[in-house]
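> Quick one, structure for this:
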Amino acid sequence: GVPPHAVFPIAEGGSDDDIAKALITGGVALGIQYAKQADIPTATIVSGTYEDPISGQEHVAYWARPDDLTIYVEAKFTKLASYPADGDDRVKQAIADYVASSFSIGDDLYSAQLYCPIQSVDGAVIDIAGGDYVYIGTSPSPTGSLVTTADYEIITIPTDDIVIV
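Okay, here's the model as predicted:
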C-alpha cells in the first residue's frame, strides 16, 4: 500500500511533535512523500507538524503507531506432581511476559515459541506424542499454530486470553 517513492515510518513511543521534528529535520528528506491513511487503511496513521525555525515554513510528517494484535492461546500440557497450586496463573504470566519482552513490531508468532515459557514453570511439560498442544489465533478458541502480523502490528497476549485445558 505504500506509494512509489514514499516512506512509511513506524514509531513506538515519543511525542507526536518530537517524531515529526525527527522525521522532518533528520529522518526523511523534504519532498519525499509519506504514506497516508488512504494508502494503508488498516494502519493507525498519525501526523505531526514542525515549523522550520529559519524559514518559518510548516512541514507535515505522517507515520504509523504500532497496532496491538491480541492473540488468544489454548494450551494443554502435562502437569507433573511438582506442578504448583498456582501453576496455571504462573504459566499464563510466563507466556504474557515472554511475548511482551521478546516480540517486536511485525514479528510473527508460532505456537511452538510458547513451549519454553510454559515449561519454565516447574512441573509443566509439553508431551506432543501424549496429545498435548498449544493453539494460537486472533479469536477465542484458537486452533492454529501461526499468527502473522502486518508490518505495523505488535503481538500482545493478555493473561485473560490464555486458556489452560
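> rest of the way, CA atoms for contacts and neighbours
Noted.
> which helix in the protein runs the most residues?
Longest among the helix segments of the chain by residue count, using DSSP state H, is helix 87-102.
> Strand partners (parallel or antiparallel) of the helix or strand of the chain with the lowest mean pLDDT?
Of all the helices and strands that make up the chain, the one with the lowest confidence by mean pLDDT, DSSP states H and E is strand 33-34; it has a mean of 76. Taking DSSP bridges as the criterion, strand 33-34 pairs within the sheet with strand 6-7 (parallel).
> Give the next helix or strand downstream of the partner strand.
Toward the C-terminal end, the helix or strand that comes next after strand 6-7 (DSSP states H and E) is helix 16-22.
> low-scoring stretches of this structure, by residue?
Per-residue confidence of the chain (counting by pLDDT under 70) places the weak regions at 27-32.
> Strands of that one, residue ranges please.
Counting by DSSP state E, the segments of the chain that form strands are 6-7, 33-34, 44-51, 58-65, 67-70, 72-76, 78-79, 109-110, 124-125, 133-137, 146-147, 153-156, 162-164.
> Output the contacting helices and strands for the fifth one.
What that stands for is strand 67-70. strand 153-156 (3 or more C-alpha pairs under 8 Å, 6 or more residues apart in numbering; DSSP states H and E).
> How far away from the center of its chain is the strand it packs on?
Chain-centre distance of strand 153-156: 2 Å, with C-alpha atoms, centre = their mean, to the nearest Å.
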